[in-house]
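Chemist: build the 3D model from these lines:
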Amino acid sequence: MPEDLVINIGPSHPSTHGVCRVLVHLDGEVIVKAEPIIGHLHRGIEKIAENRTYLQVVPLTDRLDYVGSMYANWAYCRAVERLAGIRVPMRAEYIRVIVCELQRIASHMMSIGPSGADAGATTVFLYTFAQRDHVIDLFEELCGARLTYNYVRPGGVAFDLPDGWTDRLRAFLAAFPRALAEIDKLLFGNIIARRRMKGSGVLVFLYLLFEHQSKPDRWMRFRLLKYMCRIWEESFKQNPEQTELPLILPVVFYQG
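Modeler: Here you go, the predicted model:
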């Protein structure tokens, strides 16, 4: 039996954009094994940061994940704030949460759209990017950039919300659920996409709070929400003057 052909994919643009390297074993044209090697950054950001001020490092974090720049900024700034003992105003904390949740929507749209195009549902790409552009428009109005924002800064954010920004945000949030339902129907209603994606990359989910439940229902979700609210309430009872929002671990719900 001939040995498998081993090909190194990445870390290079445009295959995996430098953040992942994959050793692929081929039997002819069939991939029989893939070994992902994550965390491989070739941009040298860590070395560049050695000769920069804390503030000058923020634009570098934009490039760590350029479809999720807001929370890359936030993760770095949060570390700086904790090390330096910097107190962040509560308004800035809430703005950070808002922009990072918007960034999460934009990032997910960037993920779902191309995956649909790769699986034969090309129209999904156009639908998701239309929604992503709504978020990017809000970011451009907020900080003047559409990809690398340099918005979250140690101690707060670069700018306050402009006039009328929250109204446009509410308009987007009111329309987005319907658009998301259309995307869901268009992608998972596509028989080609379903056949190509079903059963691929199946994950075993770990339930952080309810390990005894294999399929949490709505009641369990309500209990989780109450638990999270209790964490918030107790946190403020212990330190009513705190300015840092408590960190809540995410829980992934499986719907079978």
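Chemist: from now on I want contacts and neighbour counts done on CA atoms only, so please keep to that.
Modeler: OK.
Chemist: Glu35 and Thr122, how far apart?
Modeler: Glu35 sits 28 Å away from Thr122 when distances are taken as C-alpha to C-alpha, to the nearest Å.
Chemist: the two - which one has more neighbours?
Modeler: Under the criterion of other C-alpha atoms under 10 Å, the comparison of Glu35 against Thr122 puts Thr122 first, with 17 against 11.
Chemist: surely that one and Ser115 touch.
Modeler: No: under the criterion of C-alpha atoms under 8 Å, Thr122 lies out of contact with Ser115, with a separation of 9.0 Å.
Chemist: so the closest residue to Gly156 other than its chain neighbours: helix, strand or coil?
Modeler: What sits nearest to Gly156 in space, not counting adjacent residues and going by C-alpha to C-alpha, 6 or more residues apart in numbering, is Ala92, at 5.2 Å. The three-state assignment at Ala92 reads helix, by DSSP: H, G, I helix; E, B strand; the rest coil.
Chemist: strands of the chain, start to end?
Modeler: Per DSSP state E, the chain carries strands over the ranges 5-9, 20-27, 30-38, 152-153, 156-157.
Chemist: can you say which of those strands is packed in most?
Modeler: For these, the largest average neighbour count (mean count of other C-alpha atoms under 10 Å) is found in strand 152-153, namely a mean of 26.
Chemist: can I assume Val24 is in contact with Ala34?
Modeler: Yes: contact between Val24 and Ala34 holds when scored by C-alpha under 8 Å: they sit 4.5 Å apart.
Chemist: gap between Arg78 and Arg153?
Modeler: 9 Å.
Chemist: whoops, I mixed them up, Ala193
Modeler: Distance, Ala193 to Arg153, using C-alpha to C-alpha: 41 Å.
Chemist: can you count the residues close to the nearest residue to Val124 once chain neighbours are set aside?
Modeler: Distance criterion C-alpha to C-alpha, 6+ apart; nearest residue to Val124, sequence neighbours excluded, is Gly113 at 5.4 Å. The local packing of Gly113 (other C-alpha under 10 Å) involves 23 other residues.
Chemist: for Gly113, give its distance to Tyr151.
Modeler: On the measure of C-alpha to C-alpha, Gly113 and Tyr151 end up 26 Å apart.
Chemist: same check on Tyr94?
Modeler: Taken as C-alpha to C-alpha, the span from Tyr94 to Tyr151 is 14 Å.
Chemist: more crowded one of the two?
Modeler: Here Tyr94 and Tyr151 are set side by side on neighbour count (other C-alpha under 10 Å), and the busier one is Tyr151, at 24 against 13.
Chemist: leaving out chain neighbours, which residue sits closest to the more buried one?
Modeler: Closest residue to Tyr151 apart from its sequence neighbours, by C-alpha to C-alpha, 6+ apart: Ala158 at 5.2 Å.
Chemist: show me the contacts for that neighbour.
Modeler: With contacts taken as C-alpha atoms under 8 Å, 6 or more residues apart in numbering, Ala158 has the following neighbours: 143, 150-152.
Chemist: tell me which two of these sit farthest apart.
Modeler: When those are compared pair by pair using C-alpha to C-alpha, the two farthest from each other are Cys143 and Val152, 10.0 Å apart.
Chemist: nearest to Leu186, of the contacts of Ala158?
Modeler: The shortest gap between Leu186 and any of the contacts of Ala158 belongs to Cys143, at 33.1 Å (C-alpha to C-alpha).
Chemist: nothing else from me, thank you.
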